[in-house]
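# Next one to model:
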Amino acid sequence: MDKILVTGCAGFIGFHTCKMLCDNGYEVLGIDNINTYYDVKLKQDRIAILEKYDNFYFKKLDFAYSKNGIKHFFEKHKPDKVIHLGAQAGVRYSLEYPQYYIDNNITGFLNIIENCIEYKIKHLLYASSSSVYGHETDMPFNEYQDCNKPANFYAVTKKCNEGMAYANSKLYNLKSTGFRFFTVYGIWGRPDMALFKFTKNIIEGKPIDVYNNGDMERDFTYVDDIIEGIRLLMTAETLGNLRVFNIGCGKPSKLMDFVNEIELKLGKKAIINYMPMQLGDIKKIWCSTARLETVRAINQAPQLKKVYQSLLIGI
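The predicted model follows:
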């Protein structure tokens with residue numbers, strides 16, 4: 001079995017990725033800086049679950065600000081593959097603190113790439129984002145679109161990641177695969193995500209802020225489907241020359257349907273504070289998953305579950 005390094009292992013998707021890898025018998029190396037972007041206890045609780053596995057090793061390490069530390073980690077542990085999920089998340093936060101995004105999402109990614117090249121990593125898999133589509137209007141979004149109309153600074157850093165991966169793949173024959181995730185939700189999610197903010201406020205009888213007067217649509221994707229997409233692209237024997245993939249449900253859902261589903265599950269109506277469109281936000285976003293399905297068919301892998309109806313599992 002390959003030894004796999006997962007950055008951002010204490011994060012939402014990173015935690016689920018590590019758990020899947022451990023369950024499948026891989027030796028998993030996890031690093032995370034455990035920053036204070038949201039409640040540190042949630043990250044520590046995720047790590048505590050992972051550390052129950054004998055095949056999981058964790059080290060608190062900052063890949064953006066500890067270049068020598070990352071180099072030493074690669075040299076000591078010699079991973080076979082890297083799944084780079086660590087980054088500064090959040091569209092709105094990027095408008096307030098753009099330097100954090102340069103440091104973590106660009107400089108940090110460069111540190112990871114340089115070590116992947118030096119230590120001859122078999123495969124670098126990394127998180128991009130649906131945000132790269134920005135102000136593109138031709139939907140469903142597909143991977144052949146140029147994506148040169150970013151709506152926010154977070155999207156700029158993720159598009160830059162794709163360019164960095166492509167250039168180094170060509171220059172140094174580094175096999176790399178990017179994931180464009182679409183509106184991920186599910187258990188162990190971040191508290192700043194709409195699902196958890198809405199649920200908490202409805203339970204407590206507090207108003208929820210709904211932007212663009214509720215006229216929004218998203219491609220809600222349950223985290224299990226995201227993890228299955230990662231597993232497929234990590235293990236597929238045939239990827240061809242396709243190096244960036246949408247991972248999403250493949251259909252739009254209206255924001256107010258999302259709110260209504262939460263109300264239904266809780267048995268309680270929301271107090272809604274309708275707001276104008278937020279700076280840097282996008283009204284509608286959904287994707288084509290045809291490229292991913294092609295890989296799935298070639299490799300005879302099972303279909304995604306696409307479990308939007310399972311909203312609020314574990315809440």
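
# and the gap between K76 and V82?
15 Å (C-beta to C-beta, to the nearest Å). All C-beta spots, glycine's among them, are computed from the backbone N, C-alpha and C.

# Who has more neighbours out of these two?
For K76 versus V82, neighbours defined as other C-beta atoms under 10 Å are more numerous around V82 (24 against 9).

# give the contact list for the more buried one.
Counting by C-beta atoms under 8 Å, 6 or more residues apart in numbering, V82 touches 4-7, 112, 116, 121, 123-126.

# residue ranges for the strands of the stretch 51-200 of the chain, please.
56-60, 81-84, 123-127, 176-181, 184-185 (DSSP state E, counting those that start in this stretch).

# in the first one, what's buried?
Applying a neighbour-count criterion of 16 or more other C-beta atoms under 10 Å, the buried positions in strand 56-60 are 56-58.

# could I get those residues as a markdown table with distance to T36 and pLDDT?
Shown next, in a markdown table, are the buried residues of strand 56-60 (distance: C-beta to C-beta, whole Å; pLDDT from 0 to 100):
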| residue | distance to T36 | pLDDT |
| --- | --- | --- |
| F56 | 24 | 98 |
| Y57 | 24 | 98 |
| F58 | 18 | 98 |
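
# closest to L171 among these?
Y57 (31.0 Å; C-beta to C-beta).

# does the residue nearest to that closest one when sequence neighbours are not counted sit in a helix, a strand or a coil?
Nearest residue to Y57 in three dimensions, chain neighbours excluded: L29, at 5.3 Å (C-beta to C-beta, 6 or more residues apart in numbering). Three-state assignment for L29 (DSSP: H, G, I helix; E, B strand; the rest coil): strand.

# check contacts around L29.
3-6, 57, 59, 73, 77, 79.

# I'd like the distance from the residue lying closest to D192 once chain neighbours are set aside to A89, if you could.
Distances taken as C-beta to C-beta, 6+ apart put Y38 closest to D192, at 5.8 Å, once the chain neighbours are dropped. When distances are taken as C-beta to C-beta, Y38 and A89 turn out to be 9 Å apart.

# Now for the two: what residues contact both?
R190.

# more crowded one of the two?
More neighbours surround A89 than the other of Y38 and A89, with 23 against 16 (other C-beta under 10 Å).

# buried sites along stretch 12-30?
12-22, 26-30.

# And stretch 173-182, by the same measure?
In stretch 173-182, counting by 16+ other C-beta under 10 Å, buried: 174, 176-182.

# got a list of contacts for the least confident helix or strand in the chain by mean pLDDT?
Least confident helix or strand, the chain: helix 91-96 with a mean of 84, by mean pLDDT, DSSP states H and E. With C-beta under 8 Å, 6+ apart as the test, helix 91-96 has contacts from 37, 88, 100-101, 131, 152-155, 157, 278-281.

# let's see it at 7 Å
Outside helix 91-96, the residues that touch it by C-beta atoms under 7 Å, 6 or more residues apart in numbering are 101, 131, 152-154, 278-281.

# TSV for those, including pLDDT?
Output for these, formatted as TSV (pLDDT from 0 to 100):
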residue	pLDDT
Y101	94
S131	95
N152	92
F153	92
Y154	93
Q278	87
L279	88
G280	86
D281	88
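
# could you dump those to TSV with distance to L255 and neighbour count?
Shown next, in TSV, are the contacts of helix 91-96 (distance: C-beta to C-beta, whole Å; neighbours: other C-beta atoms under 10 Å):
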residue	distance to L255	neighbour count
Y101	25	26
S131	17	25
N152	18	22
F153	23	22
Y154	20	25
Q278	13	14
L279	18	10
G280	17	17
D281	11	15
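
# Which one of those is nearest to V223?
Here the nearest of the contacts of helix 91-96 to V223, counting by C-beta to C-beta, is S131; it sits at 17.8 Å.
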